[in-house]
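[1] fold the following and give me the result.
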Amino acid sequence: MANIGLISGIIFYALVLIYFFHTRKKWEVHGVLALYRTQFGIRFMDSLARRFPRTLRFLGYLGVIVGFIGMTLTFVMLLKSTYDLAFVEGAQSGFAPVLPGVAIPGLPTLSFWHWLIGIFFLAVVHEFAHGVLARVHKLEVKNSGFGFLGPILLAFVEPDEKKISKAKGKVQLSVYAAGPFSNFIFAALFLLISLFIMQPLFDHIFVPSGIEVNAFTSGYPAEQSGLSLPFVIYSVNGKQTLNTDEFLNATADIRPYESFVLNTNQGEFTIVTTEHPKDPSRGYIGIEGIRVKTEVQSGVSEFTQKSVQWFSLLFFWLFILNIGVGLFNLLPLGPVDGGRMFFVACTSIFKNEERAKKVWKGAMYLVLLLIFINLLPWLSKLLTFLTGFFLK
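    All right, here's what the predicted structure looks like:
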């Protein structure tokens, strides 16, 4: 069967390369980074800044507060994830490469077009917000544009960095925080669309028919049970589990070292639970990649079914990507928004630029180390895949 995502990716990047070589003189290339500068959208930024200055200024300062809260929460989550990886057996990494086809436990597979649309949309929103807040504070926006960082599509605006660096601290923070804050606003919008438009449509077309399991946690009982992935659970200890609520209710009171009877599409299996890696009082068998399997209502056309599925996943991934990228951008890393915000905060607190730079660099190196540790499981999987591929 043809891999539609792979074919789509090949066609898309082939067209991009054709366009790139056709307009080569208009691109600026730095290694794997290629930028195409335009003036697109700058007039619209000016228009919004002139029409709603007070509202946008208020949102900008609100974004600073949300930004520092998000920076703190993301850093704490990163620390906890690193601790769990080191000391909690079976713990999953708190970071994952959000790329087409990469299986992330608990999330549906990301298709190429959902990834491309999601990344480009969040980049446009993010950069446009930086430009609008810069104009609200009378700071020049020299260019806008799009480009590629390797295969990743991106958008950008270029405010006058020298003028921003000379602006008041709260103005700098407002401009830097605007990007992540706009991602959070749109994430909330897409969540509302998913909950109140797409979910009712989905429920009207599909009915739940069981809990599909797509992965095992290595070293736990389910892996040694004889079940083959993927499989569908219809009941647990005699209790029906056709949807998420029924599955959670059926498994809520299961304790460690109890018999756990699964009725599945592969037959009935009895598994003895063990202790949950994060809560020893709870039973655990080690299953991941869980989702509700559905069947189509009679009378629904295949086109309607696939359209609703596609758009449901699109709005879901637009929510996830905006939240994820917004939070990542708030980490105190040098070139990203959180790094710039953290540096402004350091210079304000310490009053001494050299001391501020030392604190800023220390935080940056610590975050880079924590991210590297959290990416190690994924790098290990990549190495295993490449080794297996080349040794075939």
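[2] which helix runs longest in the chain?
    The longest helix of the chain (DSSP state H) is helix 353-390.
[3] that helix: which residues count as buried?
    By neighbour count on 16 or more other CB atoms under 10 Å, the buried set for helix 353-390 is 356, 359, 360, 363, 364, 367, 370, 371, 373, 374, 378. All C-beta atoms are positioned from the backbone trio N, CA, C, and that covers glycine.
[4] got a markdown table for these, with distance to residue 42 and pLDDT too?
    Supplementary listing: the buried residues of helix 353-390 in a markdown table, determined by distance: CB to CB, whole Å; pLDDT from 0 to 100:
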| residue | distance to residue 42 | pLDDT |
| --- | --- | --- |
| 356 | 32 | 92 |
| 359 | 35 | 95 |
| 360 | 31 | 95 |
| 363 | 34 | 95 |
| 364 | 31 | 95 |
| 367 | 33 | 95 |
| 370 | 37 | 94 |
| 371 | 34 | 93 |
| 373 | 41 | 93 |
| 374 | 38 | 92 |
| 378 | 38 | 82 |
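[5] nearest to residue 200 among the residues you listed?
    Of all the buried residues of helix 353-390, residue 378 has the smallest distance to residue 200: 35.8 Å, by CB to CB.
[6] circling back to that earlier point, show me what the longest helix of the chain is packed against.
    helix 53-87, helix 337-350 (3 or more CB pairs under 8 Å, 6 or more residues apart in numbering; DSSP states H and E).
[7] got a list of contacts for the last one?
    Looking back up the chat, that one is helix 337-350. Contacts with helix 337-350, where a contact means CB atoms under 8 Å, 6 or more residues apart in numbering, come from 64, 67-68, 71, 74, 169, 172-173, 176-177, 179-180, 329-333, 353, 356-357, 359-360, 363-364.
[8] mind checking which of those residues are buried?
    Counted by 16+ other CB under 10 Å, these give 64, 67-68, 71, 74, 172-173, 176-177, 179-180, 329-333, 356, 359-360, 363-364 as buried.
[9] how about low-confidence regions in the chain?
    1-3, 385-386, 388-392 (pLDDT under 70).
[10] what segments of it are strands?
    With DSSP state E, the ranges of strands along the chain come out as 27-30, 33-38, 141-149, 152-159, 206-216, 231-236, 239-240, 259-264, 267-272, 274-276, 279-284, 287-296.
[11] put together TSV for the ones you listed, with distance to residue 78 and mean neighbour count on each row.
    TSV is the format used below for those (distance: least, CB to CB, whole Å; neighbours: other CB atoms under 10 Å):
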stretch	distance to residue 78	mean neighbour count
strand 27-30	29	12
strand 33-38	26	15
strand 141-149	22	17
strand 152-159	22	18
strand 206-216	23	19
strand 231-236	33	19
strand 239-240	38	14
strand 259-264	33	18
strand 267-272	34	14
strand 274-276	22	17
strand 279-284	21	15
strand 287-296	21	17
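[12] quick one on the thing from earlier: which one of the helices and strands packed on helix 353-390 lies closest to residue 10?
    helix 337-350 (33.3 Å).
[13] ok and that closest one relative to helix 53-87, angle-wise?
    100 degrees (axes from the mean of the first three to the mean of the last three CA atoms, to 10 degrees).
[14] just the buried residues of helix 337-350, please?
    337, 338, 339, 340, 341, 342, 343, 344, 345, 346, 347.
[15] give me the angle between it and helix 353-390.
    Using the same axes, to 10 degrees: helix 337-350 against helix 353-390 is 160 degrees.
[16] so how far is helix 337-350 from its chain's centroid?
    25 Å (CA atoms, centre = their mean, to the nearest Å).
[17] ok, now stretch 180-191?
    12 Å.
[18] can you list the buried residues in it?
    180, 181, 182, 183, 184, 185, 186, 187, 190, 191.
[19] contacts for it, please.
    Under CB under 8 Å, 6+ apart, the answer for stretch 180-191 is 59-60, 62-63, 66-67, 70, 121-122, 125-126, 128-129, 315-316, 318-319, 322-323, 325-327, 329-330, 337-338.
[20] could you do stretch 15-30 as well?
    Taking CB under 8 Å, 6+ apart as the rule, stretch 15-30 contacts 34, 35, 36, 37, 147, 148.
[21] now for those residues, which pair is the farthest apart?
    37 and 148 (13.6 Å).
[22] does residue 79 really touch residue 373, like I thought?
    No - between residue 79 and residue 373 there is no contact under CB atoms under 8 Å: 10.5 Å.
[23] what pairs with residue 159 across the strands?
    residue 141 (DSSP bridges).
[24] what's the spacing between it and residue 132?
    In this view, residue 159 and residue 132 are 11 Å apart by CB to CB, to the nearest Å.
[25] wait, residue 216 sits on residue 228?
    No - with contact defined as CB under 8 Å, residue 216 and residue 228 do not form a contacting pair (10.3 Å).
[26] check the contacts of stretch 180-191 for burial and list the buried ones.
    59-60, 63, 66-67, 70, 121-122, 125-126, 128-129, 315-316, 318-319, 322-323, 325-327, 329-330, 337-338.
[27] who touches residue 13 in this structure?
    residue 151.
[28] actually residue 274, sorry about that
    So residue 274 contacts 220, 221, 256, 257, 283, 284, 285, 286 (CB under 8 Å, 6+ apart).
[29] farthest-apart pair in those, please.
    It's 257 and 286 that sit farthest apart of the contacts of residue 274, by CB to CB, at 14.2 Å.
[30] how near is the closest residue to residue 5 other than its chain neighbours to residue 151?
    What sits nearest to residue 5 in space, not counting adjacent residues and going by CB to CB, 6 or more residues apart in numbering, is residue 112, at 4.1 Å. Distance, residue 112 to residue 151, by CB to CB: 11 Å.
[31] ok, residue 93 next?
    Distance from residue 93 to residue 151, by CB to CB: 22 Å.
[32] same deal with residue 274?
    The value you get for residue 274 to residue 151, if CB to CB is used, is 41 Å.
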